[in-house]
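In: The amino acid sequence is not available; the structure is as follows:
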C-alpha cells in the first residue's frame, strides 16, 4: 500500500485506533467474573443513522442512544447480506452466507455450521430463550423458552384477548402495505409490546439463573403501521428531504429500474406518498424503542442490568424511500447493508468506534465474553478486547466485507420477466384478495447474480461474477450514485480495494468440514493481522 493512500484511509477511520502489542493478545484476563447473562436484541429492517445521536433531526430512539452512550457503539457495522435469514444466520453462527450456505430466506433450514452461539451457551450452563421473530433454522426444542413470531402471526397465549386476535387478523390483511391511517388497535396488541412482555416472562422464570435470551422485534419491517401516539409523531410535512429520489435510478441498472416498476405496478403513484412511508417507519422505530425501554426497566427492577451483557443489532436496513424504493431488494447500498450495533454491560468500557465490524463478529465476541473457545468454522472476529477498552490491531478492523445475490446470471431486459412473478398474496391459509396483493422484493430478478462488497474508510467497492465493478466515495457521494470504477483518478483506491476484497474472499473460504490433518488457527480472538508480515497487500512468500 502506498503511504499516501494508507494515510488517507486512516484519516477516514478505516484503520481503527491503536496498534496492539503482542502482550495484549492474551484473553485470559478479560473475562468478567462471574460470566454475564446475555441479552441479544435484534430489530428487523432497521436502517442506521436515524437517531438523535447520529445527527438525525428526530429523536426516534432515545433508549438505544442512551445505551450507546453508556456502552460501545460501532458506527461502521455491517450485515453479511441485505436479507433477513442469511444475516440472522451469520449472527448465530459467526459465518458468512457463502459458508453457512443460506443465501435466501427460503433456505434457512439448510444452514451449515459446527456450533452456534446457543450451543456454546448451553454448554456453559445457560438457560436459553427466544421471544420474537425467529426467521432462522432454530427450532423450538433447542431452547428452554420459545415464543415465536413471524411476519403473518404473533405468538398468542391459550386464551388471547379479542383485541390481540383481531389485531393479528387486521395486520395479516394489510399484507405488508403502508397504512394511511393510525392502526385502530392499542399499543398493547402490537408485536413489539407483546414480545417485550414475553421477554419479561422469561426473565421472571429464569432471571435467577445464568441466561441467554434473544429478543427479536419484527419492527420496523413492513407492514408500515403504527397506532397512536406514534402515528404522526413525526409528521410527514416535517420530514427532511430524501438524500436521493427516483430520478437517481437513471444512473442505476436494470434490476433497480425493474424493482421500481414492480412497486409501481402494485401501488400506482405510491411515491407521491413517500413521506407517509417514512413517517410510519420512524414511528415504528420509536414504538420499538419504548418497548426496549420497558424491558430494561423490568431488568433493573430484578437487579439484572448490572450482570447482563447487552448487544443490539439489526439484520439489514431499508431504503426508506431513497431512490423512490420501499423496503429492500436491489443492490448493496449502505442504506440496506449497514446496521446499528451497540454493546453495554459488565466489562464494557464506554466508547464510540468507526472500526469496521460485522454481524458475524457478534458470535465469537459472546464466546469470549463467557470464557468459551471460539468454535472451529467461525469466521467472525471477537470484539471483546475492543469492548473492554484494550488496545487492538487497527489493521484487523480496517475494512469489512459482505455478500449479495442468489447466484447464476443476471436477469435483464431481454428476459421480458413480467412483474406478476413477484406478486404476493400471502401464504396459506392466510391469502388476501387480489386487490390487496403486494410484492416480494427478494425475488429471483432482484436477487439474481452474485456480488461481493468491501468497505474501507470512505471507499466502497462492489464486484460481481461478471467482472462488473462499482466504486463509490461515500464521503462525497453517500447516495452511491456516481460510479467511479475504472476512473483514472481513483485507480490507486480501486487497486487497493480489489486486493482487500480478494483477501476477504480467501479468508472466508469455508474450513468445514475438518479432515484428518491439523489446521493452525489464531490463538486469540480469531484475529489474523497479528500473524501478518507487513501491511496487506505486501510481497511475501510464506
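Out: Okay, I see it. The structure presented is a predicted model; accordingly, all values stated were derived computationally and were not measured.
In: what's across from the residue lying closest to residue 505 once chain neighbours are set aside in the sheet?
Out: Leaving aside its chain neighbours, residue 505 sits nearest to residue 452 (6.4 Å; criterion: C-beta to C-beta, 6 or more residues apart in numbering). (Glycine included, C-beta is placed from N, CA and C.) Using DSSP bridges, the bridge partners assigned to residue 452 are residue 403, residue 463.
In: Isn't residue 452 up against residue 468?
Out: No. Contact between residue 452 and residue 468 fails when scored by C-beta atoms under 8 Å: they sit 11.5 Å apart.
In: For the residue nearest to residue 505, give me its contacts.
Out: By C-beta atoms under 8 Å, 6 or more residues apart in numbering, the contact set of residue 452 is 401, 402, 403, 404, 462, 463, 464, 501, 504, 505.
In: Which of these ranks first by neighbour count?
Out: Using other C-beta atoms under 10 Å as the neighbour test, the contacts of residue 452 are led by residue 402, with 29 neighbours.
In: ok, and the closest non-adjacent residue to that one?
Out: Distances taken as C-beta to C-beta, 6+ apart place residue 453 nearest to residue 402, at 4.8 Å, with adjacent residues excluded.
In: can you tell me how far the one you found sits from residue 481?
Out: 16 Å (C-beta to C-beta, to the nearest Å).
In: Specify which residue of those two has the higher count of neighbours.
Out: Using other C-beta under 10 Å as the criterion, residue 453 and residue 481 rank with residue 453 on top: 26 against 17.
In: Regarding residue 86, what is its secondary structure?
Out: Three-state call for residue 86 (DSSP: H, G, I helix; E, B strand; the rest coil): helix.
In: ok, now the one 3 residues further on?
Out: Here residue 89 takes the helix state, with states given by three-state DSSP.
In: Strands of the stretch 301-450 of the chain, start to end?
Out: Taking DSSP state E, counting those that start in this stretch as the criterion, the stretch 301-450 of the chain carries its strands at 308-314, 338-339, 341-344, 351-358, 400-407, 423-424, 426-427, 430-431, 438-439, 449-456.
In: Those: which one's closest to residue 86?
Out: strand 400-407 (7.9 Å; C-beta to C-beta).
In: Please work out the average pLDDT along the closest one.
Out: Mean pLDDT, strand 400-407: 98.
In: Pull the contacting residues for residue 285.
Out: Contacts of residue 285 (C-beta under 8 Å, 6+ apart): 46, 50, 60, 61, 219, 220.
In: Just give the number of residues close to the fourth one.
Out: Burial measure for residue 61: 29 neighbouring residues, criterion other C-beta under 10 Å.
In: show me the contacts for it.
Out: 50, 51, 52, 285, 286, 288, 289.
In: Tell me the confidence at it?
Out: On the pLDDT scale, residue 61 gets 98.
In: quick one: it from residue 320, how far?
Out: Counting by C-beta to C-beta - residue 61 and residue 320 are separated by 14 Å.
In: Check the third one too.
Out: Using C-beta to C-beta, one gets 12 Å for the distance from residue 60 to residue 320.
In: Pick out whichever of these two has more residues nearby.
Out: residue 60 (24 against 21).
In: Can you tell me how far the more buried one is from residue 79?
Out: To residue 79, residue 60 is 20 Å away according to C-beta to C-beta.
In: Check residue 310 too.
Out: Relative to residue 79, residue 310 is positioned 19 Å away (C-beta to C-beta).
In: of the two, who's got more company?
Out: Neighbour totals were compared for residue 310 and residue 79, and residue 79 leads with 30 against 25 (other C-beta under 10 Å).
In: For that one, report the pLDDT, please.
Out: The per-residue pLDDT of residue 79 was computed as 98.
In: residue nearest the centroid of this protein?
Out: residue 315 (2.6 Å; C-alpha atoms, centre = their mean).
In: show me what contacts that one?
Out: 42, 44, 45, 46, 79, 83, 84, 87, 88, 91, 339, 359.
In: how about the residues you listed in CSV, adding distance to residue 433?
Out: Below are the contacts of residue 315 laid out as CSV (distance: C-beta to C-beta, whole Å):
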residue, distance to residue 433
42, 33
44, 26
45, 26
46, 31
79, 34
83, 28
84, 26
87, 33
88, 31
91, 36
339, 35
359, 38
